[in-house]
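Q: Quick one: sequence plus predicted model below, questions after.
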Amino acid sequence: MSRIPIVINGEIKTLLPGGQNILIEKIINDFAPRFTPGGKLVYVGDTDENFAHFDEVILADLGVNIDSHGKMPDVIIHFTTNNWLVLIEAVTSHGPINPKRKKELKVLFRGVQIPLVMVTTFLSRKAMVAYLAEIAWETDVWVAEDASHLIHFNGEYLLQAYQREKNQTS
């Protein structure tokens, strides 16, 4: 089978085709440039190797020492502009960042001195619907088929008006 190519720090790496790796490729190529421009890719999980990319130096500099990759999120990005550590779960067969998973991530990354941003990702809205009731508050959701938008589950900005775009019909 042909593998899914991804580019990390100018180097081409490949992921096993299928499963969550299709979504991981979209996170790297679509989500990251749009929502974490200039961010540093710290970790990328892979279904067959456990991790395709792991920059232990960046994590150590941020206060994290990981013994096992088993509980790692699927993708980690250090969004340097805002100095956030963005923890991303790619949901295709396993669940979203629910309250239990959110606590696990907080424990795993307890040494980090910068804010954690937790994002659950799905390939489609249809895939998201099955998990909607489980998604933890104070997290974000990104759907690859609607790549230009994020869904924020509560938070600092509870209600705000949006400017209508020209020629917008809905």
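A: Received, thanks. Numbers count the residues shown, from 1 in each chain.

Q: going forward, measure contacts and count neighbours with C-alpha atoms only.
A: OK.

Q: For the protein, just list every one of the strands.
A: For the chain, strands defined by DSSP state E occupy the ranges 4-8, 11-15, 40-44, 53-54, 75-79, 84-90, 116-122, 140-143, 150-152.

Q: can you list those in CSV and add mean pLDDT, distance to Met128 and mean neighbour count?
A: Converted to CSV, the strands of the chain look like this (pLDDT from 0 to 100; distance: least, Cα to Cα, whole Å; neighbours: other Cα atoms under 10 Å):
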stretch, mean pLDDT, distance to Met128, mean neighbour count
strand 4-8, 67, 23, 15
strand 11-15, 69, 23, 14
strand 40-44, 89, 22, 22
strand 53-54, 71, 26, 16
strand 75-79, 94, 18, 23
strand 84-90, 95, 11, 24
strand 116-122, 95, 6, 23
strand 140-143, 96, 8, 23
strand 150-152, 92, 11, 15
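
Q: got a markdown table for the ones you listed, with distance to Pro96 too?
A: Converted to a markdown table, the strands of the chain look like this (distance: least, Cα to Cα, whole Å):
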| stretch | distance to Pro96 |
| --- | --- |
| strand 4-8 | 23 |
| strand 11-15 | 21 |
| strand 40-44 | 17 |
| strand 53-54 | 22 |
| strand 75-79 | 13 |
| strand 84-90 | 7 |
| strand 116-122 | 6 |
| strand 140-143 | 9 |
| strand 150-152 | 13 |
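
Q: Wait, Gly45 touches Asp74, no?
A: Yes: Gly45 is in contact with Asp74 according to Cα atoms under 8 Å; the separation is 4.8 Å.

Q: Do I have it right that Leu37 meets Ile77?
A: Small correction: residue 37 is Pro, not Leu. No: look at Pro37 against Ile77 with Cα under 8 Å: they stay out of range, at 10.2 Å.

Q: Point out where this structure drops to low pLDDT.
A: 1, 3-6, 8, 10, 14-19, 46-53, 67-70, 155-170 (pLDDT under 70).
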